[in-house]
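Enquirer: quick one, structure for this:
(2 chains)
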Amino acid sequence: MLKTFSIGGIHPPENKLSKGKSIEVLPLPEKAIIPISQHIGAPATVIVKKGDTVKVGQLIAKASGFISANIHSSVSGTVEKIDNIVDASGYPKPAVIIKVEGDEWEESIDRSEILISNVELSKEEIIAKVAEAGIVGLGGATFPANVKLMPPSGTKAEVLIINAVECEPYLTSDHSIMIEKGEEIINGVHIVMKALEVQSAIIGIENNKPDAIKYLSELAKKCIGIEICPLKVQYPQGGEKQLIKATINKEVPSGALPIAVGAVVQNVGSILAIYEAVQKNKPLFERVVTITGKSVTNPGNYLCRIGTPIKNIIEAAGGIPSDTGKIIGGGPMMGKALTNIDSPLTKGSSGILIMDDKESQRDTQRDCIRCAKCVNVCPMGLEPFLLMTLAENNNIERMETEDIMDCIECGSCSYTCPANRALLDYIRLGKGRTGHMIRTRKQ
Amino acid sequence: MNNIFISPSPHVHSGDSIQKNMYGVVIAMLPAMILAGIYFGLGAIIVATVSVVSCLLFEYLIQKFILKVKTTLTDGSALITGLLLAFNVPSDIPLWIIVIGALVAIGMGKLSFGGLGNNVFNPALVGRVFLLISFPVQMTSWPKPAHLSADAYTGATPLAMLKEGIANGESVASIMQSNNFPSYKDMFMGNIGGSLGEVAAIAILLGLAYMLIKKIITWHIPVSILGTVAIFGGILHLSDPIHYADPLFHMVSGGLLAGAVFMATDYVTSPMSKKGMIIYGIGIGLLTIIIRVWGAYPEGMSFAILIMNAFTPLINTYCKPKRFGVIKNK
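Expert: Down below sits the predicted model:
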């Protein structure tokens, strides 16, 4: 029996159309649009000005607080302007716009393919390097990676868990780097283990990636303390709490962080970025992005510079299909529908998914028939049908006692509902209001 | 380019629908319906057809002309109500009675509460109990299966025979050994007198298996009902075998199986959490045995389900699913 998490979960069609496609390099854009807030936390402070020439990997905006991240230029050229752009959701966001000239990298970056296994840096130096490189959680949450490497005082990390689950249907970017950059990833795990001073690391991979499991298991044989944990395919196993439950069978208490059970979770993409930052001196300015969809001519995995307009990667895969109904940043379960494909790829972009007209529309919503299927699939043990009604009635006190803040917004409830009810839409609304009330009360 | 849709996640849906679940239940009821046709002949088919057609018709008429809302005929729920109502009546019941039952089931049981999803009680059972109280004679004269008609015996179900016998001071064993009393094999295969859809245990179990495989229902409600009947009935039987029948008899007789599989599992009127479903099932099991053994009626399944339907909101309030990462304060 393969391991998985204990409560709820669904198994949507996997549709990994770009599975097995090797990573291609996306051509440089004419202009790179680099937002200064691509992470959770305070936006970075811009340190370049209009007319400056920048190189690939040069720092252009500095982290402006404990929870913030450095931003580097992903291209070489001239800073054209620093201005608000329309982001993928349609909101104005400040960004540095760079006109691309050539492809000149910072000299400090080691561009060779040689693998460096020896970790010479101390714990503090590794963490400083990760912070300097502006690495954030590449699974989509974009929490600064260096902060996770510094457990709060009074807590001690015991195990490092690598999130290589990629439970979202369609997406294959993590899968592709595991196949092509396996050795770098294993070395990255060593680096993070040293930074956290832990003796064991577990890489959780779902069983629909047998080649990655096999390859990484072979590599891990040579290492002490790294274990590959094949997992049953079950969404939302990539959720931090679900992954911890699946791999080490511990439940993170409601409202607490993984460190409460001695675990630190890092995404496999972040691990690769940490390897490159520590051993190759390379800041985070490019990442692998999946472009996929049933009507997309050539789904694939592309190594993209941050700041490349989304339309460039769509064009590389054969352009926008004529039956396009929705363009999603991320996967179909938790991704965001995009309003603007001129907006750039950012550190958190794991994929671009194009859905056809028919798939994009929701069916008519009916009255709840109380079938309890939403209750059965909720991985947090909540009652989505009840939370939706409470949110509709704005019953904030009751939403709090019914643990609405534990919702991880995985969407399993809406996915399952036979009456097509917009469960998660309302729960999000209720969660926002309940969160606001809790914060107000604390002040 | 066409219109681009913008919506919050998730962007995909399982494709499950109310129709799929409802028609799934209808398929699960087919074996019992077919066996009823074989045992009771054309009468059973006519009763079922009249019941289904009148349920659909009343749903349409009330929604269209009284409530003036969009009609929901195609969702399959009125079809189930019609079939369930037919399952609950004798196969030779006068057809005008079944039409009244359909009106009560759809009008009072379902639409007066706001339609599918909002009703407190199982509509088919509301109709059935209404008929049982209003037309006790017609509702309790049971034809024997057609090919046994040489017996020309119409009268009591095994449960009623047992109740009457015990009232006359006979022991369970002597009642069961009497000539008219069917064997367990007959009861299992449905070769007995009774409501048309309730007699054949084997067909109902087939339906249960189908609904479990198709994930239309979970095991919690039927298993907890049958388990409770087995345990509670077993305790009674062991303590006094002269006055109390054995649990297997309770399980294959009357509407217990059909109720546990098709009626207690009704989505709308049963609890939402697993724990709640089990409590609900135990309640139905206990009440059924209590009514059968000590109540005025030989059969208690309909009443037991309706009573537990009324408790469902309360059960939902107090039985929460196990929350992830929440440890109860002791």
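Enquirer: okay but B:G234 is in contact with B:P247, surely?
Expert: Yes: between B:G234 and B:P247 a contact is recorded at 4.6 Å, counting by CB atoms under 8 Å. C-beta coordinates here come from the backbone N, C-alpha and C atoms, glycine included.
Enquirer: the more surrounded of the two?
Expert: More neighbours surround B:P247 than the other of B:G234 and B:P247, with 22 against 15 (other CB atoms under 10 Å in any protein chain shown).
Enquirer: right, and the more buried one touches B:H237 too?
Expert: Yes: at 6.4 Å, B:P247 and B:H237 qualify as touching, with contact defined as CB under 8 Å.
Enquirer: so how far is chain A from the closest residue to B:K110 other than its chain neighbours?
Expert: Sequence neighbours aside, B:P123 is the residue nearest to B:K110 in space, at 4.1 Å (criterion: CB to CB, 6 or more residues apart in numbering or on different chains). Going from B:P123 to chain A by CB to the nearest CB, to the nearest Å gives 13 Å.
Enquirer: quick one: contacts for B:P123?
Expert: Applying CB atoms under 8 Å, 6 or more residues apart in numbering or on different chains, we find B:P123 in contact with B:81, B:105-106, B:109-110.
Enquirer: could you rerun that using 10 Å?
Expert: Contacts here follow CB atoms under 10 Å, 6 or more residues apart in numbering or on different chains; on that basis B:P123 touches B:55, B:59, B:77-78, B:80-82, B:84-85, B:102, B:104-113, B:116, B:266, B:268-269.
Enquirer: where are the low-confidence patches of the stretch 251-400 of chain A?
Expert: Counting by pLDDT under 70, the stretch 251-400 of chain A contains no low-confidence range.
Enquirer: could you chop the chain up by domain?
Expert: In the absence of a named chain, chain A is used. When chain A is parsed with automatic domain parsing, its domains come out as A:123-280, A:373-442.
Enquirer: wait, chain B
Expert: Following automatic domain parsing, one finds the domains of chain B at B:18-139, B:163-318.
Enquirer: rank these by mean pLDDT and give me the bottom one.
Expert: Ranked by mean pLDDT, the domains of chain B bottom out at domain B:163-318, with a mean of 89.
Enquirer: now do the SS call for the residue in the stretch 101-250 of chain B that chain A sits nearest to.
Expert: Residue nearest to chain A within the stretch 101-250 of chain B: B:G117 (3.8 Å; CB to the nearest CB). Three states are possible here, and by DSSP: H, G, I helix; E, B strand; the rest coil the one that applies to B:G117 is coil.
Enquirer: one more: B:F303?
Expert: Three-state call for B:F303 (three-state DSSP): helix.
Enquirer: isn't it up against B:L287?
Expert: Yes: under the criterion of CB atoms under 10 Å, B:F303 is in contact with B:L287, at a separation of 7.0 Å.
Enquirer: intersection of neighbour lists for those two?
Expert: B:G295.
Enquirer: hang on, the earlier thing: tell me how far the residue nearest to B:K110 lies from B:I98.
Expert: As for B:P123, its distance to B:I98 is 14 Å (criterion: CB to CB, to the nearest Å).
Enquirer: swap in B:L256?
Expert: Counting by CB to CB, the separation of B:L256 from B:I98 is 22 Å.
Enquirer: before we move on, what about B:S51?
Expert: For B:S51, the distance to B:I98 (CB to CB) stands at 5 Å.
Enquirer: now the common contact residues for the two.
Expert: Overlap between the neighbourhoods of B:S51 and B:I98 consists of B:82, B:85-86, B:88-89, B:127, taking contacts as CB under 10 Å, 6+ apart.
Enquirer: give me the neighbour count for residue 257.
Expert: Let's take chain A. Here the number of neighbours of A:L257 (other CB under 10 Å) works out to 17.
Enquirer: switch to chain B, please.
Expert: Counted with other CB under 10 Å, the neighbours of B:L257 add up to 28.
Enquirer: now stretch B:321-330: mean pLDDT?
Expert: Rounded to a whole number, the mean pLDDT of stretch B:321-330 is 74.
Enquirer: return the set of buried residues in that stretch.
Expert: Of all the residues in stretch B:321-330, those buried under the rule 16 or more other CB atoms under 10 Å in any protein chain shown are B:321, B:323-326.
Enquirer: which two of those have the greatest separation?
Expert: In these, two members sit farther apart than any others by CB to CB. They are B:P321 and B:G325, at 12.9 Å.
Enquirer: please tell me how far whichever residue of the stretch 1-150 of chain B sits closest to chain A sits from B:D240.
Expert: Scanning the stretch 1-150 of chain B for proximity to chain A using CB to the nearest CB identifies B:P10 as nearest, at 3.2 Å. Between B:P10 and B:D240 the computed distance is 58 Å (CB to CB).
Enquirer: in terms of contact, does A:S350 touch A:C167 like I think?
Expert: No: applying CB under 10 Å as the test, A:S350 and A:C167 come out as separate, 11.7 Å apart.
Enquirer: the two: who's more crowded?
Expert: Comparing A:S350 with A:C167 by other CB under 10 Å, the one with more neighbours is A:C167, at 28 against 25.
Enquirer: pLDDT score for the more buried one?
Expert: 93.
Enquirer: if I look at it, how far off is B:A200?
Expert: Taking CB to CB as the criterion, A:C167 is separated from B:A200 by 45 Å.
Enquirer: same deal with A:N281?
Expert: Applying CB to CB to A:N281 and B:A200 gives a distance of 77 Å.
Enquirer: neighbour count: the two, which is higher?
Expert: When neighbours are counted by other CB under 10 Å, B:A200 comes out ahead of the other of A:N281 and B:A200, with 29 against 17.
Enquirer: my guess is the more buried one meets B:M29, correct?
Expert: No: checked against CB under 10 Å, the pair B:A200 and B:M29 is beyond contact range at 11.5 Å.
Enquirer: what do these two both touch?
Expert: Counting by CB under 10 Å, 6+ apart, the residues touching both B:A200 and B:M29 are B:A258.
Enquirer: is stretch A:279-295 in proximity to chain B?
Expert: No: with CB under 10 Å from any CB of the partner chain as the criterion, chain B is not reached by stretch A:279-295; the gap is at least 11.1 Å.
Enquirer: give me the distance between the two termini of that stretch.
Expert: Across stretch A:279-295, the terminal residues are separated by 40 Å (CA to CA, to the nearest Å).
Enquirer: and the residue of the stretch 101-250 of chain A found nearest chain B, how many neighbours?
Expert: Among all residues of the stretch 101-250 of chain A, A:K241 sits closest to chain B, at 6.6 Å; criterion: CB to the nearest CB. Residues within reach of A:K241, counting by other CB under 10 Å, total 26.
Enquirer: check A:A260 too.
Expert: As a burial measure, A:A260 scores 15 neighbours (other CB under 10 Å).
Enquirer: residue contacts, it?
Expert: Counting by CB under 10 Å, 6+ apart, A:A260 makes contact with A:155, A:244, A:250-253, B:325.
Enquirer: who wins for neighbours among these?
Expert: Going through the contacts of A:A260 with other CB under 10 Å as the criterion, the one with the most neighbours is A:I244, at 27 neighbours.
Enquirer: so that one sits in a helix?
Expert: Yes: with the criterion set as three-state DSSP, the secondary structure at A:I244 is a helix.
Enquirer: so it sits against A:K3, correct?
Expert: No: taking contacts as CB under 10 Å, A:I244 lies outside contact range of A:K3: 11.5 Å.
Enquirer: taking the stretch 301-443 of chain A, what residue is nearest to chain B?
Expert: Residue of the stretch 301-443 of chain A nearest chain B, by CB to the nearest CB: A:G411 (3.2 Å).
Enquirer: distance of that residue from B:P321?
Expert: Here A:G411 is placed at a distance of 18 Å from B:P321 (CB to CB).
Enquirer: cool, A:I248 as well?
Expert: A:I248 sits 23 Å away from B:P321, taking CB to CB as the criterion.
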